[in-house]
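Peer 1: Okay, predicted coordinates and the sequence, questions at the end:
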Amino acid sequence: MSGFSGVLQLTDLDDFITPSQECIMPTEVKTTKTGTGAKITIGDDGDYFQMQQDGTTEKLQKVEITLADCLACSGCITSAESVLITQQSQEEILRVFEENQVLHKTGDSLEAKLIIVSLSVQPILSLAVCYNLSPNDCASKLAGYFKSLGADMVIDMTIADDFALLENQREFIKRYRATTSDGVKNVLPMLASSCPGWVCYAEKTHGSYILPYISTTKSPQQIMGSIIKQYVREKHNGRQIYHVTVMPCYDKKLEAAREDFFDKHSEQRDVDCVITAIELEQMLMKNNINLETIAGSTFSEPWASGDNEREPLLCRHIGSGSGGYADHIFRYAAKELFDIDNDKIEFKQLRNPDFRETILEHDGKVLLRFAIANGFRNIQNLVQKLKRGKSQYHYVEVMACPSGCLNGGAQVRPKDGMPQKELTIALERLYDALPVTNPEHNQLVKQLYENWLGGMDTDKSNSILHTEYHEIVKANTALNIKW
């Protein structure tokens, strides 16, 4: 079963296929000309063999399809296990670690890569529940584990999360004022862009109609990638960096593979490899390692002078376990647009627990209407309302997975017969118990805005913190004909 989000698998049942059946990416196929045609047989291991005229067989080479190929077409994006992911695997990250260790042992340390691992809070909580650890202990032990493999630095994602929230709130205010003053269309509702499964679905299924509504702010993963590959790289005199992120879903691999996040000048991706919670669990189990027995370590701060180290102290943002986008932007917009302080926001459940809304009213007039829509069915309803012109929302936090990122498709599976819903509730309680952080109070973010980006809404900040999306047009080829 694919670990990619259900929104990618269920959007079009005719699209749920393997690359061998309907991959529309052009590939070179080398064949031997024969007078009677070629006879192909399949071996017990699934390999294909071509029978030669002299009675011998020739093993045929398998076509390799990268994630970038998949994102460039509208054919077979739905089968994760059928697509050969050469740069987004456990094997690849271990290969890089081993390669670095060899360079250090042979005295070629200057040729070794600076390996930096960024940990997202959701997979940390998933592994904490799996191994019965507190969140901070789990983070410390994960830092120790990656450093034992050869990582130079392990960091958390708070700085990127804060940048994402601040840029989203600024973008929303800009869109709202443009709509109310200039009558600009197709800017509201603003839809969240941090979920790559939802973005990929929008690009492939609804194209140019939906894309203008989606926020241009990068996800925290890609903002972190930009910071690591640009700011930190400059600080380390241009040293080559290998950046790993630990994420709660496989779709983040798709996001990291987007050509928009590839620097042609340096020929590097902002994020080189994405590893998920369930893959980490597999790596530990494969080597008979219990996370509880690993010695803890510290988090690095590569943006600080001297590359400071500190004890892991996880925090959260007010709102959903997916980052609290709706809560944060709602609160900020109420104050910025209407000078209304709204300290307590209550979301009302509508059709199901994964579709909720909150309203800001004044003198009987609705000023703001925000929603959270998680899961494929709710996304479909949202899109259909948009197409019919019946959506009343100003902003919607959209996530492909039911219950959001805490229930991501690559989080560790329940143990001992525990229902998935019960595990999700446990993760939500763990998340809610974390100390709250306010991005507007993050002094480091303020310093980077001022000293590195030249302020908010500058050409540099927009190029580093924002991106764009592309409609994927179904190719009209013979392979796409439905017989």
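Peer 2: That came through, no problem.
Peer 1: Now do the buried residues in whichever helix in the chain runs longest.
Peer 2: Longest among the helix segments of the chain by residue count, using DSSP state H, is helix 158-182. By neighbour count with 16 or more other Cβ atoms under 10 Å, helix 158-182 contains the buried residues 158-172, 175-176, 179. To be clear about C-beta, it is placed using only N, CA and C from the backbone, and glycine gets the same treatment.
Peer 1: Over to stretch 107-120?
Peer 2: Under the neighbour-count criterion of 16+ other Cβ under 10 Å, stretch 107-120 has 112-120 buried.
Peer 1: which stretches of the stretch 301-450 of the chain form strands?
Peer 2: 308-310, 348-349, 355-362, 365-374, 395-399 (DSSP state E, counting those that start in this stretch).
Peer 1: where does this structure dip in pLDDT?
Peer 2: 1-48, 61-87, 180-186, 305-307, 474-483 (pLDDT under 70).
Peer 1: Pairing partners for the closest residue to Asp354 other than its chain neighbours in the sheet, please.
Peer 2: With Cβ to Cβ, 6 or more residues apart in numbering as the criterion, Asp354 has its nearest non-adjacent residue at 4.0 Å, and that residue is Asn374. Per DSSP bridges, the residues bridged to Asn374 are Met399.
Peer 1: Could you report the separation of Asn374 from Cys195?
Peer 2: Distance check for Asn374 against Cys195: by Cβ to Cβ, to the nearest Å, it reads 9 Å.
Peer 1: Ok, His470 next?
Peer 2: Distance of His470 to Cys195, computed by Cβ to Cβ: 17 Å.
Peer 1: Who has more neighbours out of these two?
Peer 2: Counted by other Cβ atoms under 10 Å, His470 and Cys195 do not tie: Cys195 has more neighbours, with 29 against 14.
Peer 1: what number of residues lie near the spatially closest residue to the more buried one that is not a sequence neighbour?
Peer 2: Nearest residue to Cys195 in three dimensions, chain neighbours excluded: Met399, at 4.8 Å (Cβ to Cβ, 6+ apart). By other Cβ under 10 Å, 31 other residues sit near Met399.
Peer 1: and what of Ile210?
Peer 2: By other Cβ under 10 Å, the residues close to Ile210 number 22.
Peer 1: For the closest residue to it other than its chain neighbours, give me its contacts.
Peer 2: Spatial nearest neighbour of Ile210, excluding adjacent residues (Cβ to Cβ, 6+ apart): Ala202 at 4.6 Å. By Cβ atoms under 8 Å, 6 or more residues apart in numbering, the contact list for Ala202 reads 210-211, 214, 469.
Peer 1: out of the residues you listed, which is most surrounded?
Peer 2: Busiest of the contacts of Ala202 [other Cβ under 10 Å] is Ile210, holding 22 neighbours.
Peer 1: I'd say that residue and Val383 touch.
Peer 2: Yes: the pair Ile210 / Val383 is scored as a contact, 6.4 Å apart, by Cβ atoms under 8 Å.
Peer 1: Tell me which of the contacts of Ala202 fall in helices.
Peer 2: Counted as lying in helices by DSSP H, out of those, are Ile210.
Peer 1: Reformat the contacts of Ala202 as a markdown table; add distance to Leu367.
Peer 2: Formatted as a markdown table, the contacts of Ala202 follow (distance: Cβ to Cβ, whole Å):
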| residue | distance to Leu367 |
| --- | --- |
| Ile210 | 25 |
| Leu211 | 27 |
| Ile214 | 23 |
| Tyr469 | 29 |
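Peer 1: Nearest to Ser89 among the contacts of Ala202?
Peer 2: Proximity of the contacts of Ala202 to Ser89 was ranked by Cβ to Cβ; the top entry is Tyr469 with 26.2 Å.
Peer 1: Residues in contact with both of Asn374 and Cys195, list them for me.
Peer 2: Counting by Cβ under 8 Å, 6+ apart, the contacts common to Asn374 and Cys195 are 322, 398-401.
Peer 1: Compare the residues you listed and tell me which has the most neighbours.
Peer 2: Busiest of the shared contacts of Asn374 and Cys195 [other Cβ under 10 Å] is Val398, holding 33 neighbours.
Peer 1: Burial check on Val187, number of neighbours?
Peer 2: Neighbours of Val187 using other Cβ under 10 Å come to 17.
Peer 1: Distance of it relative to Lys174?
Peer 2: 9 Å.
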